[in-house]
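# Predicted model and sequence below, questions to follow.
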Amino acid sequence: MRSLRVVFWIAEAGATKTDWLRSDGIRLRLPGFNLEAEGGRAAAQKHFAAVRAALTQAQWPWPKILYYYGPALHNTENITIIHRILQEVFPEIGEIVVAHDLIGAARAAWGRERGIVCILGTGSNCALYDGEKIRRQRGGHGYLLGDEGSGADLGKHLLSALLHEELPEDLVEAFRARYPQSPLDLRKEVYLTARPSAYLAGFAFFLSAHQGHPWVQALVKSRLEAFVQRTWKRWAAPDPIRYVGGVAMAFAPLVEEVTRTAGGLWAGVVSDPVEKLLQFHRS
């Protein structure tokens with residue numbers, strides 16, 4: 001067992017935010033980063049330089065170990081890029097461990113037990129975890145080609161419905177009160193922003209605030225069903241299922257309903273994944 005006196009950091013990153021947590025429980029929330037969606041190595045260097053500045057300003061003492069979990073780290077090439085940049089930006093840290101966010105989600109959800117973990121955040125993903133490694137994986141593929149049920153997916157379908165004049169009038173009025181820009185201006189922002197998935201995911205907050213509306217319930221339910229049909233529903237193994245991510249938290253009753261209806265063994269939503277990762281690495 002690793003001594004609790006060893007100081008380490010955990011970074012649990014997504015496309016929208018990254019939760020940084022020290023082994024003594026102090027935490028800081030900073031912007032997220034997705035290597036494939038945001039321009040590769042040059043963008044990563046700029047991002048982590050800003051992270052270093054923020055952590056330095058917060059007067060965080062340098063740890064001996066950094067555990068970094070991030071999106072798009074599904075292959076050796078991407079892991080190597082992030083690892084090298086972290087070494088360059090944080091030369092004071094003796095050991096840096098980089099892993100896919102799906103591994104982080106699995107460890108947060110199940111520790112060293114077997115189960116299915118589903119990410120429903122800015123993006124979405126799903127894996128069967130045996131308590132040590134990912135054995136199966138389905139989902140992901142980004143906001144253009146997949147990520148069903150994610151914040152980006154929900155925001156995309158909401159904006160599409162707005163542009164096609166499919167929203168009920170009461171929702172249109174509520175939407176305009178929160179977003180005074182014209183629908184065409186919002187469309188323009190989607191195509192011009194440097195982080196379209198995070199931008200689209202921001203509209204999931206509107207859906208969450210109006211999730212009692214029948215139209216919103218129908219939209220969210222249909223996208224969650226699409227996620228289930230493309231992920232764990234295709235596996236025969238009756239393993240229990242836990243979810244992580246802001247969308248899973250915001251729409252937990254609907255997530256549970258869709259999971260149970262599809263025959264899944266509901267095991268709940270992890271409310272604070274980075275805290276669970278702290279427990280994992282302490283042990």
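Perfect, I can see it now. Numbering: from 1, shown residues only.

# show me what contacts residue 127?
102, 105, 106, 116, 117, 134, 135, 136, 137, 138 (Cβ atoms under 8 Å, 6 or more residues apart in numbering). Any C-beta I mention is one placed from the backbone N, CA and C, and that applies to glycine too.

# Can you report how many residues lie near the last one?
It refers to residue 138. 18 (other Cβ atoms under 10 Å).

# hang on, the earlier thing: in helices, which of the contacts of residue 127 appear?
Using DSSP state H, the members of these that fall in helices are 102, 105, 106.

# so can I have JSON lines of these showing distance to residue 68, pLDDT and neighbour count?
Formatted as JSON lines, the ones in helices among the contacts of residue 127 follow (distance: Cβ to Cβ, whole Å; pLDDT from 0 to 100; neighbours: other Cβ atoms under 10 Å):
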{"residue": "102", "distance to residue 68": "14", "pLDDT": "90", "neighbour count": "24"}
{"residue": "105", "distance to residue 68": "14", "pLDDT": "92", "neighbour count": "30"}
{"residue": "106", "distance to residue 68": "16", "pLDDT": "95", "neighbour count": "29"}
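
# rewinding a little: just the ones in strands from the contacts of residue 127, please.
Under the assignment DSSP state E, these contribute 116, 117, 134, 135, 136, 137, 138 to strands.

# which of these lies closest to residue 58?
residue 117 (30.1 Å; Cβ to Cβ).

# hang on, isn't that closest one packed against residue 104?
No - checked against Cβ atoms under 8 Å, the pair residue 117 and residue 104 is beyond contact range at 9.5 Å.

# packing partners for the lowest-mean-pLDDT helix or strand in the chain?
Lowest mean confidence among the helices and strands of the chain (mean pLDDT, DSSP states H and E): helix 142-145, at a mean of 79. Here helix 142-145 touches helix 151-163, helix 196-201, going by 3 or more Cβ pairs under 8 Å, 6 or more residues apart in numbering; DSSP states H and E.

# Name the residues that touch the last one?
Right, helix 196-201. Against helix 196-201 from outside (Cβ under 8 Å, 6+ apart): 15-16, 32, 34, 37, 121-123, 142-143, 147, 150-156, 159, 189-190, 193.

# cool, and stretch 211-219?
Against stretch 211-219 from outside (Cβ under 8 Å, 6+ apart): 154, 157-158, 161, 167-168, 170-171, 207, 210, 220, 250-251, 254.

# mind listing what's buried in that stretch?
Buried residues in stretch 211-219, counted by 16 or more other Cβ atoms under 10 Å: 216, 217, 219.

# One more: stretch 186-204?
Neighbour-count burial for stretch 186-204 flags 186, 195, 196, 197, 198, 199, 200, 201, 203, 204 (criterion: 16+ other Cβ under 10 Å).

# tell me the mean pLDDT over that stretch?
In this model, stretch 186-204 has an average pLDDT of 86.

# likewise stretch 66-86?
Stretch 66-86 comes out at a mean pLDDT of 90.

# Between the two ends of it, how far is it?
One end of stretch 66-86 sits 9 Å from the other (Cα to Cα, to the nearest Å).

# Right, I'll leave it there.
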